[in-house]
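*Asks:* Below is the sequence, then the predicted model.
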Amino acid sequence: MNNLQLATEYLEKKISGRYITNEHIAPLLKSLSNKFKIETIGKSVLDKDIFSVKFGIGKTKVLIWSQMHGNESTTTKGLFDFFNYLSSNHENAELIYKNYTLYSIPILNPDGAEAYTRVNANKVDLNRDAFENTQPESVLLRTIFENFKPDFCYNLHDQRTIFGTEGFNLPATVSFLAPAYNKTRDFNDVRYKAIQVINKMNENLQKFIPNQVGRFDDSFNINCIGDYFTYRNVPTVLFEAGHYKDDYQRDEVRKYIFCSLLSSFNLSHESLVVNRELDNYLQIPQNSKCFYDFLYKNVRFIDNSEEKTINFAAQYVETLQSNTIHFEAQVIQINDLENHNGHLEFDFKDTIFNTNEVKIPEIGDKLPVF
């Protein structure tokens with residue numbers, strides 16, 4: 001059985017969609033098997049619980065956290081799918097238990113998760129607070145890092161639908177990064193260890209989403225948590241869950257996060273061949289901002305007896321309404337779209353609109369989705 005089949009088999013059906021909060025995961029934590037140790041390890045700005053999940057007795061220690069940005073929930077779903085797998089009697093789950101100690105924080109930013117915001121309740125981006133360490137959630141993660149002393153860190157995020165894989169014009173369904181540790185973005189043994197993990201995950205994902213795995217930008221910022229932990233000499237892997245065709249709820253993408261997690265623990269850390277690993281990593285196409293949610297092509301208007309043709313793009317804006325995420329398309333770009341694609345495209349070359357009946361789109365206009 002391959003990893004994608006396992007992802008489907010162990011998918012946690014009690015959580016789905018984009019809105020995932022403590023209220024959703026607390027019952028799931030209580031139902032985990034006695035292989036897991038569940039603790040409340042701290043409080044958010046608004047005094048919400050922050051939970052940890054510990055699994056395994058092995059030598060290699062891995063610190064994992066998700067929803068550092070509260071509105072990035074796909075990896076949390078993938079993480080709970082992975083917990084279900086680890087609860088099983090599958091042979092590889094037993095090997096992970098014996099060889100690894102996993103320390104997971106499923107929702108680091110519960111206030112942001114509940115409000116469906118990137119930032120915490122103090123309106124601080126926790127992923128820009130790693131060095132300054134001003135927020136209670138940041139202090140907690142730093143404390144866990146210092147006390148647990150991980151051999152690896154997994155930093156789990158979502159990325160926007162605008163990203164594709166450079167040169168392929170395909171959505172970047174999953175992207176990875178071995179963060180830099182200095183401004184010149186040099187490679188050292190710490191980054192090479194993270195790269196080895198990424199290469200293993202990419203190798204597995206290519207079986208299911210060929211050319212839809214990207215490499216995230218590695219510009220250095222000491223206040224970004226991955227850069228800071230790499231600077232502190234701990235190999236850190238950034239996971240970015242992106243877009244998959246027609247999957248705005250990201251309940252397909254979560255399966256590829258599961259695949260990535262599972263394959264990351266299925267390798268020997270003793271056999272690092274530096275040059276080959278680096279070459280393979282650099283062959284992963286970089287993320288490219290080449291997509292919009294909607295692309296409207298060859299839209300022709302008769303305006304004061306003159307024919308005009310425009311192309312324009314729209315992007316979904318996500319809003320939280322009654323504990324449900326609503327998607328509303330808004331115009332964000334008019335013309336200059338030659339190097340862009342739409343996840344959904346409309347070509348109006350055979351239609352002419354009259355401005356007496358239809359308004360020429362402007363930036364910020366809300367659009368119906370055809």
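*Replies:* Ah, there it is. A quick note: this is a predicted structure, and the numbers were derived from the prediction, not measured.
*Asks:* In this protein, which helix is the longest?
*Replies:* When the chain is parsed with DSSP state H, its longest helix is helix 189-205.
*Asks:* Flag every buried residue along it.
*Replies:* Within helix 189-205, the residues that count as buried by 16 or more other C-beta atoms under 10 Å are 190-202, 204-205. (Each C-beta comes from the backbone N, C-alpha and C, glycine too.)
*Asks:* Quick one: name whatever helix or strand follows it.
*Replies:* Later in the chain than helix 189-205, the nearest helix or strand by DSSP states H and E is strand 213-215.
*Asks:* which other residues reach that next one?
*Replies:* With contacts defined as C-beta atoms under 8 Å, 6 or more residues apart in numbering, strand 213-215 is touched by 163-166, 172-177, 202, 205-206, 240, 242, 281-282, 284-288.
*Asks:* Report the buried members of those residues.
*Replies:* In those, the ones that pass as buried (16+ other C-beta under 10 Å) are 163-166, 172-177, 202, 205, 240, 242, 281, 284-288.
*Asks:* Out of the residues you listed, list just those in helices.
*Replies:* Counting by DSSP H, the buried ones among the contacts of strand 213-215 place 202, 205, 281 in helices.
*Asks:* Could you find the closest non-adjacent residue to the second one?
*Replies:* Think residue 205. residue 213 (5.1 Å; C-beta to C-beta, 6 or more residues apart in numbering).
*Asks:* low-scoring stretches of the stretch 151-300 of the chain, by residue?
*Replies:* The stretch 151-300 of the chain contains residues with pLDDT under 70 at 267-273.
*Asks:* Going along the chain, name the strands of it.
*Replies:* Applying DSSP state E, counting those that start in this stretch to the stretch 151-300 of the chain gives strands spanning 152-158, 163-165, 170-171, 174-177, 213-215, 236-241, 287-289, 291-303.
*Asks:* any chance of those in CSV, with distance to residue 359 too?
*Replies:* Formatted as CSV, the strands of the stretch 151-300 of the chain follow (distance: least, C-beta to C-beta, whole Å):
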stretch, distance to residue 359
strand 152-158, 34
strand 163-165, 30
strand 170-171, 30
strand 174-177, 37
strand 213-215, 37
strand 236-241, 36
strand 287-289, 28
strand 291-303, 9
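*Asks:* Show me the one of those strands that comes nearest residue 311.
*Replies:* Of all the strands of the stretch 151-300 of the chain, it is strand 291-303 that lies closest to residue 311, at 5.2 Å by C-beta to C-beta.
*Asks:* With distance to residue 34 added, can I get the ones in helices among the buried ones among the contacts of strand 213-215 in JSON lines?
*Replies:* Converted to JSON lines, these look like this (distance: C-beta to C-beta, whole Å):
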{"residue": "202", "distance to residue 34": "34"}
{"residue": "205", "distance to residue 34": "32"}
{"residue": "281", "distance to residue 34": "39"}
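*Asks:* and the angle from the longest helix of the chain to strand 236-241?
*Replies:* On the basis of axes from the mean of the first three to the mean of the last three C-alpha atoms, to 10 degrees, helix 189-205 is oriented at 30 degrees to strand 236-241.
*Asks:* list the helices and strands helix 189-205 packs on?
*Replies:* The contact analysis (3 or more C-beta pairs under 8 Å, 6 or more residues apart in numbering; DSSP states H and E) places helix 189-205 against strand 152-158, strand 174-177, helix 225-231, strand 236-241, helix 253-264, helix 274-282.
*Asks:* closest one to residue 314 among these?
*Replies:* strand 152-158 (20.1 Å).
*Asks:* Tell me the buried residues in that closest one?
*Replies:* Residues of strand 152-158 classed as buried: 152, 153, 154, 155, 156, 157, 158 (neighbour count, 16+ other C-beta under 10 Å).
*Asks:* quick check, nearest of the residues you listed to residue 276?
*Replies:* Nearest to residue 276 among the buried residues of strand 152-158 is residue 152, at 20.0 Å by C-beta to C-beta.
*Asks:* need the contact list for that closest one.
*Replies:* Applying C-beta under 8 Å, 6+ apart, we find residue 152 in contact with 60, 61, 62, 63, 193, 194, 197, 234, 235, 236, 237.
*Asks:* Let's see that with 6 Å instead.
*Replies:* 62, 235 (C-beta atoms under 6 Å, 6 or more residues apart in numbering).
*Asks:* And the one 3 residues further on, by the same measure?
*Replies:* Contacts for residue 155 were tallied using C-beta under 6 Å, 6+ apart; they are 225, 226, 236, 238.
*Asks:* mind checking how far it is from residue 253?
*Replies:* Distance of residue 155 to residue 253, computed by C-beta to C-beta, to the nearest Å: 17 Å.
*Asks:* next one: residue 276
*Replies:* According to C-beta to C-beta, residue 276 stands 29 Å off from residue 253.
*Asks:* again, but for residue 201
*Replies:* For residue 201, the distance to residue 253 - C-beta to C-beta - is 14 Å.
*Asks:* and what of residue 143?
*Replies:* 31 Å.
*Asks:* Neighbour count for these two, which is higher?
*Replies:* The neighbour comparison of residue 143 against residue 253 (other C-beta atoms under 10 Å) goes to residue 253, with 24 against 13.
*Asks:* All set, thanks.
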